[in-house]
Each structure stands twice: as C-alpha cells, then as structure tokens.
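Undergrad: sequence and predicted structure below; questions after.
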Amino acid sequence: MTIHQSPEAFGYDAFLSAHQNKEVLRFITCGSVDDGKSTLIGRLLHDTKQIFDDQVTALQRDSRKHGTQGAEIDLALLVDGLQAEREQGITIDVAYRFFSTDKRSFIVADTPGHEQYTRNMATGASTADVAVILVDARQGLTRQTRRHALLVSLLGIRRVALAVNKMDLVGWSQTRFEELLAAFNAFAAPLGFTEIRAIPLSAKNGDNVVLPGTAAPWYTGTPLLQYLEAVPVRVEEQAAPFRMAVQWVNRPNSDFRGFAGLIASGRVAPGDAVIVEPSGRTSTIARIVTADGDLPHAVEGQSVTLVLADEIDASRGSVIVTADAPMRVTDSLEARLFWAAETELLPGATLLAKIGTVTVNAVVTTIRTRIDPETGNPEPAARLTANDIADVTLTLDRAVAVDAYAANRDTGGFILIDRETTDTAALGLIQADAAAAPVKDMPAEIREKRSGGGFLSKLRWVFGGI
Amino acid sequence: MSGAPLTTQAAPTQAASRSARLTHLQRLEAESIHIMRETVAETENPVMLYSIGKDSSVLLHLALKAFAPGRLPFPLMHIDTTWKFKEMIAFRDQRAKELGLDLIVHTNQDGLARGIGPVSHGSEVHTDVMKTQALRQALDKHRFDAAFGGARRDEEASRAKERIVSLRTAQHRWDPKRQRAEPWHLYNMRKKRGESLRVFPLSNWTELDVWLYIEQERIPIVPLYFAKPRPVVEREGQLIMVDDDRLPLNPGETPKDVSVRFRTLGDYPLTGAVESGAATLPEIIGETLAARTSERQGRVIDKDGAGAMERKKQEGYF
C-alpha cells in the first residue's frame, strides 16, 4: 500500500493539488488503561510512515528506559509525551496527533482511560467526527468501555469504530469477536449511533490497522485506516440551519461595518434573510467579505466577515442566523453538565457561562439528576464532585440565543468558568426540553421586541429550537 | 437530523456542489483566524511573537487575513538574541516596512552586557538568558496579557499535549497537570491579575500543512529555507553555517560551500542545515514528504536531555 506516492510519479502540480485539496477527519480514540490505545496510534503513525528516523532512535532509547514491551520498541512512547506519563506508563492528558494518507488528513485526539480524566475525554470528543473505541479481546467490555461509549454518545458522536484489539492473544477467534460485537450492540442500542463498525485487530503486530491482517481469513471487512478514509465527515453540520456567532465587529472606517465569525453550521449567501439573535431584529446579507475578496456563498467551517443590508445593532455575543430557523432565546437553561472542577458543585452556586461568544453569569438553581456513568440511568444527587455527569437547571442574568446540543454541537455546547479560580469548571450541553418555557418568563425587552412580530413570532419563540 | 446524505464517494450531486467541501487547509485557516479573533476580543493587550521563521510568516499572513479590511489590532514582537542569521534580520526589517507593521524588538540588555552567547556559554544558558528570560522581561515591560506563538503540536511530544490557549502564572510558568478543558470552539481566556496567556493558532498544523499553505498563498519566507551553496562546518553530525566571524573554528576546521537549506530557523550556531538541492517550494514539499528525520532534528536545544522541552516550557520558554 502506497501512503505517499513519490512527487515525481505524476508531476508536482497534480501532486500538490491532491494534497492541498484533501479533507480532514477528526477522531478520538478511547479505551481502558491497558487496551492499547497509545500503541494503536503509534501503529497508525508508524505504518503510515509519519515517524522519522531521529524519532525512532529516540524511541529505541526511551523503550529501554521506560518501555513496557521488553526488548521491543514500545510504540506507545511515541504518544506519551510528558515525563510524568513516561514514568508512570500511563497517558495523563489528551494528546493531539496528526497523520495523512493520499485520501485524507487526520487529527487524532488520544484521551486517557482513567476515570478521573473524563473531562479530557469530553474535550477530545467534542470536536470529533468519529470515535474509535478500543476493547481488549481477552477482557471484553469493561466498565470503562461502557462509560466511554456513553460519553461519546452524549457528546453527539454518531459513528463508532469498535476496535477489538489483541486478537492475536485470543487466537483470532471469530466466536470471541462476534460475542463482543453482540454485547456491544446490545449495550449501545439506546445510544443513538448511526453506525457501529467492528474491526478485529492487533495494534502491536499491525494486523488490520493500516494493512489487512492475514491471521483472520473470516474477516472480510476493511482495516481500520480504510474505514477512517471513507467515513462521511460533518454531514450533520452542513445540513443544519445557518448559524454564526459574532466574534468581533470590524470597523476600519465609517464606511465599513462587518461582523466577523466562524460559521458554526449551514450555508449563507448574499440576499439571504437573517435574524440577529437574541434581539430578534431582521436584515439581509449584503456581502460575505474575506481577505481574498467577496464570496458568492460560504459554508460551515469558514471564518468570514458578514455585512448586513441594514444598520442594525449587533456586536460580540450576537448570533446571525437564517430567518427560516430562529434560535431559542432564553435566560433559563436545562443542561447536562460534565463537572470538571476538583471542588464540589452545590445548588445556588454562581459561575460564568461562555456560550458561543457571549459570557454571562449563571446560577445553578437545581441539580435535577446525576447520570450513572455506566448505565446512563438518572439517580438523585444533592451535589456534584469531579467527573460527575448531571442534569441541572441554570438561570442566566440575561437572555441568550441557543440551540439544543442534539441539533447543533457549536450553538448547543457551553463551558462554565469558576469566577474565583478562573478555571473551566464544567462542559455543558443544552437540552431540548426547556424549549417550552412559558412566554411570561421572557425578559421584558425581548418580549416587547418579539411581540412586534405578532402571533407567529411568539409561536416561533415558544417552539424555536425544538 | 435529515438532509441530503453526502458521502465522499458520491458523484457531485446538486446538494454536494451547493455546499462545496472545505479542504483541510481551508479548515485550518478558518480555525486559526477564529482563535486570533477570540483572543483580540477577550484580552486587553495581545502581542504576536514574531520569530521570523516560516511558522511566524504563516501566523502573520493569517492575522492579516483575520482582521482585513482592518489593520492588525496588535503589535509584533521579536525577541532578538543577537545570534539570528543576518538574512533573517534583513527579512524582518523588510517585511515590517512593506506591511507597515508595529514591530517591537527586544534584547535582554543584561545578558548582552554579561556577554552571554551560545558559543561561550552553551545552548542551555544562552537559551535561558537570551530567549526565556528575555521573553519574560518583554512581556512584563509592555504588560502584554496574551501572546500569540507559532508552535505546533506535531513539533515535539510535550507540545502535543498543550492547549491552544495556555495559561501562564505571573512567573510565566506552565503547569501541564492543570490544563483547562478546551471543548468545541470555546476558549476560556479568563485569568487572574498577573497571569497571562500563550495562544497557539497553528496548534493543529503540521510541517507539511505549513509548506502547502505557503505555496498556496505565496507567502514570503526567509531565503535561507531554499537551498543554495553556503559556507558550513560539520559538528556532531550537524551542518552549522558560518554566518559571521563570531563562530570560532576548531583546529583543522575549514568552512566549505555545500548546497544546504534550513527546515527550521533559530540562532545560527544552534540550528543545523540539511544538505539539499531544493530551491523551489514544490521541491521543498517533495523533500518534506520523503524526509526521514523530523524538523526539530536540526535544533540543538531539544537535545538537552529527555523532557528538555517540557522543562523549558515550565520555566517560561515559549
């Protein structure tokens, strides 16, 4: 298998444009402590020829000092970058790795398996298109496997590769493989994955990682890499309605006022009718400005500067959205929290909530239920401790525009910041069921603005975001 | 969630061509621009660390794009150790003039007075005094609360684990065990008095991405990146260019002209060249793909022992 064709083979121009036109897949790897995650990533990097000679030399030296593979090279050391990790033989922090093939570029978030580092896994999963969940063929599904599958599902990842590792240690048993797949399917049934692809492999030997293995003739599927090269990317984000949070107002002179931001979802073109949330004022897109000239249209993932046809009030924190699908504007949020701080969370606590480009004060009014991290079942809780997952109600000091996380990861996700330590205390996902908040709870100025649009706009407010 | 099923294999349907797929480079560019705009909106006094190298050239290009048609809303700052290649300084001054940049050049005057240099004091002391301490002095002097840097996660193992927005204590130290979660595109830029941020918009770029982008965008870079015959001596497996008469020659050592280029640029006695005939960007990209050694192989300071970079970063090295 050729990973990089030689530049001479078909000319520099074709070669350059092939590389410059590749798309990117972001994926996360997760598994229990000894499932071989770091080894799997090391194998992907090694077999796609991303490891350089001086790194191999350093690896040989480090393998003698810290390796867990006896006299052999320990590929995991390529990924475990911090001294503390090497000394303890574990992965502490999320690490980002990069490799590319002729078909795609890949950004890998390698996340720790230990329970106390759930927040790192949530960080890695928040931007991933696909999760690779590792299982040790001998151990089968563990508490950690269930935890990780639940977590990636909660964070909105819909495509999963179940990498059944260490198949060489169970004699490449088809029965064992199918048993594990059946157990995983049963557990994952309520988790809403659109695709589960199970692949029997050995990260240590390399079978079915980049190259097909020969030890399991009964497996007719593709190696892991080929799956990753073909799986669809960011389909949901492209199909979702247009949303762009305003980061910064570009006003170089009195003739130009542009709203700069990253398009979170959908597509926009001049002439499109838009709403500026949370004020609810309407306008039309006049221009899409970039340093390379105006664009005829722009899509999810692009950083642009929008000029509106009308002089309406918009600033950092505003969200420009398609008039076809307004956002929910509310000062009360039902949210699922991943509590990351070492301190406890008690009802009544006040934190800062950063939602898109707006930061507001948020009071945790109630902790409704804690989520059992293995079963996903709700249980009562009076307080939260580090790495707890729980459903809470937040009251904000002003109304903000949001979507349900299930509909849009970028406009439905937020962070909570501890006002004293300034640390990120929690990751939050906005839930859909708060949409029916009564109109009387709307802040007065918004109610007034909205009522200008008559009955339909009120209805839209009540049902918006569902 | 419904919508036209878009797959990579499908022939371009109307829906697919409507929302043309973004390339990896377009997404990287957009992410970097987003990070820069967030920093400008959320910090009081940001600065861009400009090291004159190719990553800095890309960073500057992205910043110009991020704030167009407006001007750059922050100054650039170069920490000058006085041991940069002459061509680097000439390039820096020329770019500053062409683009009308607000450029601050800072040198550790105390270190200069003490005669600290890489030849006399070795790479560790020189880097500590003339780079790490100099950077801390300059950030304190100008009260910058956020500094952009061109570091990438693919460069070195400890950088692979650093956040895009990285908090530093009032003493400019990095604590790898107390890093903030950084989900979605949400960056927590809050900090306590005296603390500051290092912001790395190129975190997710690789060396190859940088070269491909330089080619695509026609970004000017220092000529030292292109191969041509230059006077070098070989020391401990490294080709060291004799840039001026401050490099003492060992007995029997004579500089000879070899066709070389640099994959990375730092202080000249600490930066090794590679033998190469690659005089154009496509040739450099071809060599990068075929390369058998990593780009930091030419950096002497990375070899000051295992975990050297992690330790330097904890001490406040960028």
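TA: Looks like it came in fine.

Undergrad: hang on, isn't A:Gly206 packed against A:Leu45?
TA: No: contact criterion Cβ atoms under 8 Å: A:Gly206 and A:Leu45 do not qualify, at 11.8 Å. Bear in mind the C-beta positions are built from the backbone N, C-alpha and C, glycine included.

Undergrad: the two: who's more crowded?
TA: A:Leu45 (21 against 18; other Cβ atoms under 10 Å in any protein chain shown).

Undergrad: helix/strand/coil for that one?
TA: helix (DSSP: H, G, I helix; E, B strand; the rest coil).

Undergrad: do A:Glu178 as well
TA: Three-state assignment for A:Glu178 (three-state DSSP): helix.

Undergrad: what's the local residue count around it?
TA: By the criterion of other Cβ under 10 Å, A:Glu178 has 14 neighbours.

Undergrad: quick one, what contacts it?
TA: By Cβ atoms under 8 Å, 6 or more residues apart in numbering or on different chains, no residues touch A:Glu178.

Undergrad: what residues does the stretch 51-200 of chain B put near chain A?
TA: B:64-71, B:153-154, B:156-161, B:176-186, B:188, B:190-192, B:195 (Cβ under 8 Å from any Cβ of the partner chain).

Undergrad: state which helix of chain B is the longest.
TA: helix B:24-42 (DSSP state H).

Undergrad: is whichever helix or strand comes after that helix in proximity to chain A?
TA: Counting by DSSP states H and E, the next helix or strand C-terminal to helix B:24-42 is strand B:46-49. No: Strand B:46-49 stays clear of chain A (Cβ under 8 Å from any Cβ), getting no nearer than 12.3 Å.

Undergrad: okay, and for chain A, where does confidence drop off?
TA: A:1-11, A:33, A:51-56, A:59, A:62-73, A:75-92, A:113-117, A:433-466 (pLDDT under 70).

Undergrad: quick one: mean pLDDT for the longest helix of chain B?
TA: The pLDDT scores in helix B:24-42 average 97.

Undergrad: other SSEs contacting it?
TA: For helix B:24-42, the elements it packs on are strand A:23-30, strand A:248-250, strand A:258-265, strand A:303-308, helix B:54-67, strand B:146-148, strand B:196-199, helix B:207-217, judged by 3 or more Cβ pairs under 8 Å, 6 or more residues apart in numbering or on different chains; DSSP states H and E.

Undergrad: let's have these in JSON lines, adding distance to B:Ala90 and mean neighbour count.
TA: Listed next are the helices and strands packed on helix B:24-42 as JSON lines, based on distance: least, Cβ to Cβ, whole Å; neighbours: other Cβ atoms under 10 Å in any protein chain shown:
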{"stretch": "strand A:23-30", "distance to B:Ala90": "36", "mean neighbour count": "24"}
{"stretch": "strand A:248-250", "distance to B:Ala90": "33", "mean neighbour count": "20"}
{"stretch": "strand A:258-265", "distance to B:Ala90": "34", "mean neighbour count": "24"}
{"stretch": "strand A:303-308", "distance to B:Ala90": "33", "mean neighbour count": "23"}
{"stretch": "helix B:54-67", "distance to B:Ala90": "14", "mean neighbour count": "23"}
{"stretch": "strand B:146-148", "distance to B:Ala90": "23", "mean neighbour count": "26"}
{"stretch": "strand B:196-199", "distance to B:Ala90": "28", "mean neighbour count": "23"}
{"stretch": "helix B:207-217", "distance to B:Ala90": "19", "mean neighbour count": "21"}
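
Undergrad: for A:Val392, find the nearest of the ones you listed.
TA: strand A:258-265 (23.7 Å; Cβ to Cβ).

Undergrad: now the element after that closest one, going C-ward?
TA: Taking DSSP H and E, what comes next after strand A:258-265 is strand A:267-268.

Undergrad: gap between that following strand and the chain center?
TA: Centre-to-centre, strand A:267-268 and its host chain are 22 Å apart (Cα atoms, centre = their mean, to the nearest Å).

Undergrad: same deal with stretch B:275-289?
TA: 20 Å.

Undergrad: next one: that stretch, is it in contact with chain A?
TA: Yes: on the criterion Cβ under 8 Å from any Cβ, stretch B:275-289 is in touch with chain A at B:Pro282, B:Ile285, B:Gly286, B:Leu289.

Undergrad: pLDDT below threshold where in the stretch 1-150 of chain B?
TA: Along the stretch 1-150 of chain B, the parts satisfying pLDDT under 70 run over B:1-20.
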